[in-house]
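>>> just coords:
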C-alpha cells in the first residue's frame, strides 16, 4: 500500500434473516433493506488499506473522519509522516460540515488548520450554474488515462465558488463526450494542478472494480453465521400512532374540502335564483350535517395529536420487539484473511506478468493466475525433496508462464512449514 491518496467508499451487505436490525439503502436493488455497511479504504493503486464493518445506522459521512484517523495512525506506526494525505470519495460524502472538518476549519471564513487533509469529491446541485458557463472558458484540455478502458480527452474550467456553510472552495468543471456533459469537482486543494485532481477523481471507478473483485473472487458478502444482541438502549423512532392520526386527518381534510366546494357551488347557483342563505342551508341539510361531522372528527384527531409525543422508543413502536445489532467479530477476522489473500494474488500477478506473453496482459493476467493456482498437481517425495508437478495446461502461453513462475519459486528455496522442513520443488508436467 502506497501512502498519499486514499479512496473511501461503502459497500452494502444485505441481511435476510429474521432478526430486526437497522435498514440501509441497497443501491444494486435500489431499495431499502436490512443489512450492514462495509466501509473500504484503498490507495491510488486500489490496494485495500483498511475496512470497517458497521450497522447501517452509520453512514459514510460519519465514517470518513474515523477512517482517516485510523489510516493516519497506521502510517505513524509504519514510520510515515501522515500529513500529506488526499482523500477521495463519491457524492455521498458531499456535506459542508464534513468539508469543514476535513479542512480543520472552525468557521467558513477561516483558513485550513494544521490537521487538515485534502479532499476531492463530485459536487451536487450544480446544474443551475455549471451549464450556464460560456464555452469559451473551457480552455484547459487533458487526456484521462485508465488502467483498462480507452483514454478520454476532456476540457475543463478551473474556478472557485462560494459554498453555503463552508466558504470559498475550488471548483473544476469538466466537459466530456459528444453531448458535452458537464460535471463539477469540489476540492480544498488549491495548489495541485487541475489535471492531477481530475485524474484522481476519474480513477475512482477503480474502487468499484475492487469491490466487485472482492465480491466475486473472495466472497466478502459472505457472513460466517449471524450472532445478534438486542440493543440495551433502544433508539427513538417516529411515533406510529401519531403517523396514523396524521394520515386519517389528511384524509378527512380532503373529504371536507370536497364537500365544502360542493356546498359553495350550490350556494352560488341558488343565489342566482334569489334564495336566502337560510333557505339554502335548510335545503342542503344533509350536506351541512356531513360537513359538521367531518369538522368534529378532525377536531377530535387534533386533540389526540396534541397529547402524543413525536418520537417513542423502538420497542414501543413495534409491539415490544427490540432492535438488534449483529456481531461482526467473526466476519472481521475472515475478511482480514480475504483482503490479505487479495494482496497476495495481486503480488503474484506482478510476478506472472513478466512471463505471460499476451497482448492485453493487464486484463488477462488474473484469469491466467487463477488457472495456474487452481490447477491439479502430482505430489511425490523423492530423495528427501517434495516434488510438486502441475498438470499440463492446454493454453501454451499460460503453460509457459507457469513453468517460468515455478523456476522463480524454486530460486527462493521454499520449504514445508511442518517440523520436517522438507525442500519443495515446483514444476509443470512435460509432454
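Right, received. Where do you want to start? None of these values were measured; they are calculated from a predicted model.

>>> Quick check: the residue nearest to residue 167 when sequence neighbours are not counted vs residue 159, distance?
Leaving aside its sequence neighbours, residue 167 sits nearest to residue 108 (C-beta to C-beta, 6 or more residues apart in numbering; 3.5 Å). The C-beta positions use only the backbone N, C-alpha and C, and glycine is treated the same way. Separation of residue 108 from residue 159 (C-beta to C-beta, to the nearest Å) stands at 18 Å.

>>> can you map out the strands along the stretch 151-300 of the chain?
Ranges of strands in the stretch 151-300 of the chain, per DSSP state E, counting those that start in this stretch, are 152-163, 167-176, 181-187, 228-230, 236-238.

>>> Out of these, which gets nearest to residue 205?
strand 152-163 (11.9 Å; C-beta to C-beta).

>>> Could you figure out how far that closest one is turned away from strand 167-176?
160 degrees (axes from the mean of the first three to the mean of the last three C-alpha atoms, to 10 degrees).

>>> List the buried residues in strand 152-163.
154-158, 161, 163 (16 or more other C-beta atoms under 10 Å).

>>> With stretch 405-424 instead?
405-406, 409, 424.

>>> Do me a favour and get the end-to-end distance for that stretch?
14 Å (C-alpha to C-alpha, to the nearest Å).

>>> got a list of contacts for it?
Applying C-beta atoms under 8 Å, 6 or more residues apart in numbering, the contact partners of stretch 405-424 are 351-352, 355, 372, 381, 384-386, 388, 390, 425-428.

>>> go again using 6 Å as the cut-off
352, 385-386, 425-427 (C-beta atoms under 6 Å, 6 or more residues apart in numbering).

>>> cool, and stretch 191-211?
Here stretch 191-211 has contacts from 7, 9, 11, 46, 88, 120, 142, 144, 156, 158, 172, 185, 187, using C-beta under 6 Å, 6+ apart.

>>> what's the closest of those residues to residue 254?
Checking these against residue 254 by C-beta to C-beta gives residue 11 as the nearest, at 43.1 Å.

>>> you'd agree residue 35 is in a helix?
No. Looking at residue 35 with DSSP: H, G, I helix; E, B strand; the rest coil, it is strand, so not inside a helix.

>>> So for it, what's the pLDDT?
pLDDT, residue 35: 93.

>>> Not counting its neighbours along the chain, what's nearest residue 403?
Sequence neighbours aside, residue 428 is the residue nearest to residue 403 in space, at 4.6 Å (criterion: C-beta to C-beta, 6+ apart).

>>> Do you know the pLDDT at that neighbour?
pLDDT at residue 428 comes out at 94.

>>> measure it to residue 404 for me?
For residue 428 relative to residue 404 (C-beta to C-beta), the value is 9 Å.

>>> who's more crowded, the two?
Taking other C-beta atoms under 10 Å, residue 428 and residue 404 do not tie; residue 428 has more neighbours (22 against 17).

>>> sorry, back to before: for the residue nearest to residue 403, which residues are in contact?
390, 402-403.

>>> Could you list every helix and strand that the longest helix along the chain packs against?
Criterion DSSP state H: the longest helix present in the chain is helix 240-272. If you count contacts as 3 or more C-beta pairs under 6 Å, 6 or more residues apart in numbering; DSSP states H and E, helix 240-272 packs onto helix 285-306.

>>> Tell me which helix or strand comes right after the helix it packs on.
Downstream of helix 285-306, the next assigned helix or strand under DSSP states H and E is strand 311-313.

>>> sorry, back to before: turn the contacts of residue 428 into CSV, columns for pLDDT, neighbour count and secondary structure.
Formatted as CSV, the contacts of residue 428 follow (pLDDT from 0 to 100; neighbours: other C-beta atoms under 10 Å; DSSP: H, G, I helix; E, B strand; the rest coil):
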residue, pLDDT, neighbour count, secondary structure
390, 95, 20, strand
402, 93, 26, helix
403, 93, 19, helix
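
>>> For this structure, which helix or strand comes out least confident on mean pLDDT?
Least confident helix or strand, the chain: helix 277-283 with a mean of 67, by mean pLDDT, DSSP states H and E.
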